[in-house]
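S.K.: My questions concern the predicted model and sequence given below.
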Amino acid sequence: MALTLTAWQAGTDASTSSPDLALHYPSAQVSQTVAREMLDALDEEYARIRHELGCVIGAKITVVVIPLATWDALGNPAWSGGFFDGRIQVPLVYERSRVGPKMRRVFAHEIVHACIETGAGRESTSTARAAEWQLGWVEPCTSGLGLRLFIVGGGNVDGD
């Protein structure tokens, strides 16, 4: 279920940005320090994915961190770590009151969706396959070229 503009605005009242990303978050639950950590993680993941997938979106990516109660109340599936509908939307999930590996993986996964769905990444047979690669569900190739061939071809570089 996609959130409406007013629904996510109701739960996010603060923002910070970098040249490539705009982060909106709930200031009652996220300190400025943690918001900076989130933005740093997003910037690092976007740089990595930009390098590996040749993804340059060109426009600022909007990321909305939604309070978990709001996320749940809107009927989002429990298994969903986030989604991309023109902006990245993720529930606020802390790991020891910080940005942990789980949130970083969700950020990276949704950035891959943004790259593929905006047409900024290499042509892909499936946006899900690219996002699955990022999560490690599909074996990545060791070189950047191999990774691109893998994603475009939908299989490994040997053609299997």
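M.R.: Here it is on my side, so go on.

S.K.: drop to CA atoms for contacts and neighbour counts, all remaining ones
M.R.: Will do.

S.K.: Please, where are all the strands along the protein?
M.R.: Assigned by DSSP state E, the chain shows strands spanning 14-17, 21-25, 61-66, 83-84, 88-91.

S.K.: can those go into TSV with extra columns for mean neighbour count?
M.R.: Below are the strands of the chain laid out as TSV (neighbours: other C-alpha atoms under 10 Å):
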stretch	mean neighbour count
strand 14-17	16
strand 21-25	21
strand 61-66	23
strand 83-84	20
strand 88-91	22
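
S.K.: Any chance of the ones you listed in a markdown table with mean pLDDT and distance to residue 112 as columns?
M.R.: Conversion of these to a markdown table gives the following (pLDDT from 0 to 100; distance: least, C-alpha to C-alpha, whole Å):
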| stretch | mean pLDDT | distance to residue 112 |
| --- | --- | --- |
| strand 14-17 | 93 | 19 |
| strand 21-25 | 95 | 14 |
| strand 61-66 | 93 | 12 |
| strand 83-84 | 88 | 10 |
| strand 88-91 | 92 | 10 |
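
S.K.: For these, please prepare a markdown table with the additional fields distance to residue 37.
M.R.: A markdown table is the format used below for the strands of the chain (distance: least, C-alpha to C-alpha, whole Å):
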| stretch | distance to residue 37 |
| --- | --- |
| strand 14-17 | 11 |
| strand 21-25 | 11 |
| strand 61-66 | 13 |
| strand 83-84 | 20 |
| strand 88-91 | 15 |
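
S.K.: Quote the end-to-end distance of stretch 95-103.
M.R.: 8 Å (C-alpha to C-alpha, to the nearest Å).

S.K.: which residues touch it?
M.R.: With contact meaning C-alpha atoms under 8 Å, 6 or more residues apart in numbering, stretch 95-103 is reached by 34, 37-38, 93-94.

S.K.: For the buried ones among the residues you listed, write the corresponding PyMOL selection.
M.R.: Buried subset of the contacts of stretch 95-103, written as a PyMOL selection, criterion 16 or more other C-alpha atoms under 10 Å:
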select buried, resi 38+93
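
S.K.: Most widely separated two among the contacts of stretch 95-103?
M.R.: 37 and 93 (13.4 Å; C-alpha to C-alpha).
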